[in-house]
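**Q** need coordinates for the below:
(one chain, ligands or ions: 2)
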Amino acid sequence: MLPNQWYVILETGQIRRGKTLGVTRFGEKLVAWRDEQGRVAVVHDQCPHRGAALSAGRVVSNCVECPFHGFQFDATGCGRVIPANGRSAPVPKVFHTAAFPTREAHGFIWVWTGEDDHRLPPIPFFDDIDSSFSYFSATSHWPVDYTRAIENQLDVVHLPFVHKTTIGRGNATLVDGPYATLQDDRLSIWVSNRVDDGTLPRKHTEMPRPDRKPLLTFVFPNIWQNRLSDDLRIVLAFVPVDDNNCVLYLRQYQRVVRVPVVRDVFNWFSKLGNNVILNQDRRVVITQRPVKSYAGMDEHLIQGDRPIILYRARCKELLEIKPM
Ligand code: FES
Ligand SMILES: [Fe+2]
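**A** Numbering: from 1, shown residues only. Ligands and ions are numbered 1, 2, ... in the order given. Next up, the predicted model:
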């Protein structure tokens, strides 16, 4: 987990009003709940009294109530009520469970992996996706660290092999560049693969900046967009579960088809296609060892792996930056 980042951890529809949800994220058991006003909170799923899972409890007003002895904790993880001591007794500070600053935006639940601070940066997203788009979602579990799943979507070299029957048709095995830039924790990638004609691939530095929008954009720490066209996009959120598992939330955003029934049919076929492509990736990525990637690991990257090199280098920097 990178410090001081807004991570997508859930889809908004997974938490219902007045309900708790126990999930594992970042290798920790967490409880999320939505209070009666609709606000979402995320804290560690362990009661500081005697260790029961808060997720087995219930939501009372804006707190989660432990199922064992009824202690209540608010969205900042502070104990508010110890019933056995009486409602008017003050609650000692030790009755506290660690909490994440939490936001809800773009249909996702985001948590901040750093200290709570009133100057937290805005939620990162894609400026070119607005309310004119509709989307559907799909979920996929991958038994690898989320870094492997991310790198797979930055990998332009794999297209004619993993996806030779789908998006990688045409035997464009030679990789020019790719031209890729990293700015403000946005990694932009232009794909220029071609059929091998015996010439050597061009280096990134030999290529002019493309005058079109990047096909792929990854925004740290865990969202990615494939800009299929102005009106059709695939977005992935790579959600860390633990060192050996992650969950991918896939969305297709579109504003091609707006009539509801036609849109449902379009989405149904799109879902099928997206599943085939994502499973082509998953089949190979889950065989990668080690299951987690990092800068300086024992792999031998090539020129075409430039986006992965940039990703690993930036992860290393972010891990080394002092906490805010
Ligand atoms: S274990 Fe949670 S209130 Fe006692
Ligand atoms: Fe792929």
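**Q** would you mark the buried spots in the helix ranked longest in the chain?
**A** The residue-count maximum for a helix in the chain (DSSP state H) belongs to helix 260-285. Neighbour-count burial for helix 260-285 flags Phe266, Asn267, Ser270, Asn274, Ile277, Leu278, Gln280, Asp281, Arg282, Val285 (criterion: 16 or more other CB atoms under 10 Å). Backbone N, C-alpha and C define where each C-beta goes, glycine included.
**Q** which of those lies closest to ligand 1?
**A** Arg282 (38.8 Å; CB to the nearest ligand atom).
**Q** just checking, the closest one touches Pro143?
**A** No. Using CB atoms under 8 Å, Arg282 is not in contact with Pro143, being 9.2 Å away.
**Q** care to break this protein down by domain?
**A** The chain is divided into the following domains under automatic domain parsing: 6-112, 134-320.
**Q** ligand 1: which of those is closest?
**A** domain 6-112 (3.1 Å).
**Q** quick one: that closest one near ligand 1?
**A** Yes. For domain 6-112 and ligand 1, the contact criterion (CB under 6 Å from any ligand atom) is met by Cys47, His49, Arg50, Ala52, Cys66, Phe68, His69, Phe71.
**Q** columns pLDDT and distance to ligand 1 on top of the buried residues of helix 260-285, output as CSV?
**A** Formatted as CSV, those follow (pLDDT from 0 to 100; distance: CB to the nearest ligand atom, whole Å):
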residue, pLDDT, distance to ligand 1
Phe266, 95, 49
Asn267, 94, 43
Ser270, 95, 45
Asn274, 96, 42
Ile277, 97, 45
Leu278, 98, 40
Gln280, 98, 46
Asp281, 98, 42
Arg282, 98, 39
Val285, 98, 40
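**Q** for the longest helix of the chain, packing partners?
**A** strand 134-142, helix 146-154, helix 159-162, strand 245-254 (3 or more CB pairs under 8 Å, 6 or more residues apart in numbering; DSSP states H and E).
**Q** next, the angle strand 134-142 makes with the second one.
**A** Using axes from the mean of the first three to the mean of the last three CA atoms, to 10 degrees, one finds that helix 146-154 and strand 134-142 are set 130 degrees apart in direction.
**Q** check which helices and strands helix 146-154 sits against.
**A** Right, helix 146-154 is packed against strand 216-219, strand 223-229, strand 232-242, strand 245-254, helix 260-285, helix 306-320 by 3+ CB pairs under 8 Å, 6+ apart.
**Q** dump the shortest one to PDB, keeping only the CA atoms.
**A** Output of strand 216-219 as PDB, limited to C-alpha atoms (Å, rounded to 0.1, in the frame of the first residue of the first chain):
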ATOM      1  CA  LEU A 216      -4.200   4.200 -21.600                       C
ATOM      2  CA  THR A 217      -4.000   6.400 -18.500                       C
ATOM      3  CA  PHE A 218      -3.200   5.100 -15.100                       C
ATOM      4  CA  VAL A 219      -3.700   7.300 -12.100                       C
END
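**Q** residues in contact with that strand?
**A** Residues outside strand 216-219 that contact it (CB atoms under 8 Å, 6 or more residues apart in numbering): 124-126, 150, 153-154, 156, 185-189, 191, 224-227, 307, 311.
**Q** chain neighbours aside, what residue packs nearest to Leu232?
**A** Closest residue to Leu232 apart from its sequence neighbours, by CB to CB, 6 or more residues apart in numbering: Gln254 at 4.9 Å.
**Q** since we're on the one you found, how many residues are nearby?
**A** 21 (other CB atoms under 10 Å).
**Q** so it bridges to which residues?
**A** Ser134, Leu232 (DSSP bridges).
**Q** what residues are up against it?
**A** Phe133, Ser134, Tyr135, Asp231, Leu232, Arg233, Phe266, Ser270.
**Q** list the contacts of the residue lying closest to Arg17 once chain neighbours are set aside.
**A** Closest residue to Arg17 apart from its sequence neighbours, by CB to CB, 6+ apart: Arg34 at 5.0 Å. By CB under 8 Å, 6+ apart, the contact set of Arg34 is Ile15, Arg16, Arg17, Gly18, Lys19, Val40, Val59.
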